[in-house]
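Q: Can you look at this prediction? I've put the sequence above it.
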Amino acid sequence: MPRRPIAASPPRRLRVAVVAPSLRILGGQAVQADRLLRAWRADPEIEAYLVPINPLPPPVLARLTQLKYVRTIVTQLFYWPLLFRELRRADVVHVFSAAYSSFLLSPLPAFLVARLLGKPAFINYHSGEAPDHLARSRIARAVLRRSHTNVVPSSFLAAVFAKFGLRAELIPNVVDLTRFRFARRRPIRPRLVSTRNLESLYNVDCTLRAFSIVQSQYSDASLTLVGAGSEEQRLRERVAELHLRNVKFEGAVAPDEIWRRYAEADIYVQTPNIDNVPCSVFEAFASGLPVVSTDAGGISTILSDGVHGLLGPVGDYEAVARQVLRLLEDQSLADRLTDSAFATCGAYTWDVVRSTWLSLYRRLARCRSTETAGAAETDATLVLRRPAGAVMKTSNEMLDLRSVANSRDDLELVRRVQTKESAMIDTVVVRSADNQQSQSSQASAQVRDHHEERLIAEIAPVQDVRGADHVKPILE
């Protein structure tokens, strides 16, 4: 009796761990990570899952996250074990990154754990503060040099990376056109909206001053501020000082509901001092809102002045007000800008961007298969309780934390780690030698088990050197 052919099982999907903020931290990175995860859902080739940088502690400890300084320690104590647990099963580790202290608290641990586990990892850098951050921090530059690759969403950041001799691949942010409703504003009315968080780098104060000029000419003008942040009280005081009317503070709005705020407005305005390529501009494009913005960071790479929107110099609220008034006085200009802006959105849809991400993930997965599986499997010797200044080395690369520390923040972090009197950081030194395979495998297990216990206990608490309130806000 002839045998029935055995059906070949479908190939296993590549597992991609996306290390990023969850939507509990409303910002550009969280929104982009969520869009990626939604897009990969049910994809036949990629199984993507979130590893949140802000894991929820057990209910009994939840109150501690409300306390200054304590919340960072609590988060780190749960973040490090989560990394070891979740990155073990990944084929590729995709790490979202911001700047300054946020880089030390989130991408750096993910990078180190991925290296210890022998996983290919790359940094997806989003911060408009890159020029200053990379100039100040040798640790950041060292990590970015040792990453398998780096991905940035704009030509602005690609140019910044090139200036520091860092490789970067450009993969744009994703725009979900299904969430927004395009409609021309006819007639265009003085209903303004801004959806930037209320933090100093977004300079919402400049937006209020520009609106004051607009309202002096259009008494029925309104301004809706969507977002939350440390500047809220000061901005409310500014509204009272300028005697502004019809200014509404909406607070944080969930991504699924943000489209309504655009639909209710006629002009989108933002006045950041520092920026990259914010999701909010694309959302305004997709909604049919003409955009007025300051020319900060990478804004001009997605918005050409007079073509896709109107720009003004950073901090110049009078120029911003003039641009808003131009729109209110010229319907044809508003129509032309919104049509041109909407036409650019097609290049940022998932149908276009998916193939680029898929190619990158596949390439990194192949890198892993051709490399020796982790540093210890290439012959490793475990050296425990090394003195301060010891070298951490994985595979054939070396990272001396003291030698790469540059900024005051970096130096303080390294000093606190390396001078703890009772527990100095344990270090792995990898040496090329002709050891037996069995010794290598045993060393690999020791490396992983030891660091899972020790790094959580020693490094995590030290990272709150400056306190949670000094962590820079996560940028688009």
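A: In hand now; what should we look at?

Q: Low-confidence stretches in this protein?
A: Across the chain, residues meeting the criterion (pLDDT under 70) sit at 1-10, 369-476.

Q: what about residue 260, helix or strand, and which?
A: helix 258-263 (DSSP states H and E).

Q: same for whichever strand or helix holds residue 115, what does it pack against?
A: According to DSSP H and E, residue 115 maps onto helix 107-116. Counting by 3 or more C-beta pairs under 8 Å, 6 or more residues apart in numbering; DSSP states H and E, the packing neighbours recorded for helix 107-116 are helix 70-87, strand 92-97, strand 121-125, helix 138-146, helix 437-462. C-betas here are computed from N, CA, C, even on glycine.

Q: In the following helix or strand past the fourth one, which residues are buried?
A: The reference is to helix 138-146. Scanning forward in sequence from helix 138-146 by DSSP H and E, the next helix or strand is strand 150-152. Judged by neighbour count (16 or more other C-beta atoms under 10 Å), strand 150-152 contains these buried residues: 150-152.

Q: List just the nearest of those to residue 158.
A: residue 152 (5.4 Å; C-beta to C-beta).

Q: circling back: please state the offset of the helix holding residue 260 from the chain centre?
A: 23 Å (C-alpha atoms, centre = their mean, to the nearest Å).

Q: Ok, stretch 246-257 next?
A: For stretch 246-257 - counting by C-alpha atoms, centre = their mean - the centre lies 21 Å from the chain centre.

Q: buried ones in it?
A: 247, 252-253, 255.

Q: what does stretch 361-370 give?
A: Result for stretch 361-370 [16+ other C-beta under 10 Å]: buried residues 361, 364-365, 368.

Q: May I have stretch 319-335 as CSV, with CA atoms only?
A: Taking C-alpha atoms only, stretch 319-335 is exported to CSV below (Å, rounded to 0.1, in the frame of the first residue of the first chain):
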residue,chain,number,x,y,z
ALA,A,319,6.5,84.3,12.7
VAL,A,320,4.3,81.3,13.7
ALA,A,321,1.3,83.6,14.2
ARG,A,322,1.9,85.2,10.8
GLN,A,323,1.9,81.8,9.2
VAL,A,324,-1.4,80.8,10.9
LEU,A,325,-2.9,84.1,9.7
ARG,A,326,-1.7,83.5,6.1
LEU,A,327,-3.8,80.2,6.1
LEU,A,328,-6.9,81.9,7.5
GLU,A,329,-6.6,84.6,4.8
ASP,A,330,-5.9,82.3,1.9
GLN,A,331,-8.2,79.3,1.4
SER,A,332,-6.4,78.2,-1.8
LEU,A,333,-3.0,78.1,0.0
ALA,A,334,-4.6,75.9,2.8
ASP,A,335,-6.0,73.5,0.1
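
Q: Contacts for that stretch next, please.
A: 184-190, 192, 206-207, 209-214, 217-218, 267, 269, 271, 290, 292, 294, 310-313, 337 (C-beta atoms under 8 Å, 6 or more residues apart in numbering).

Q: what's the closest non-adjacent residue to residue 306?
A: residue 337 (7.9 Å; C-beta to C-beta, 6 or more residues apart in numbering).

Q: Which phi and psi values does residue 229 adopt?
A: phi 160, psi 180 (degrees, to the nearest 10).

Q: And the buried residues of stretch 361-370, which is closest to residue 237?
A: For the buried residues of stretch 361-370, the nearest to residue 237 is residue 361 (48.2 Å; C-beta to C-beta).

Q: In this structure the closest one contacts residue 93, no?
A: No - Residue 361 lies out of contact with residue 93 (C-beta atoms under 8 Å); the separation is 10.4 Å.

Q: Need the overlap of contacts for those two.
A: Joint contacts of residue 361 and residue 93 (C-beta under 8 Å, 6+ apart) are residue 16.
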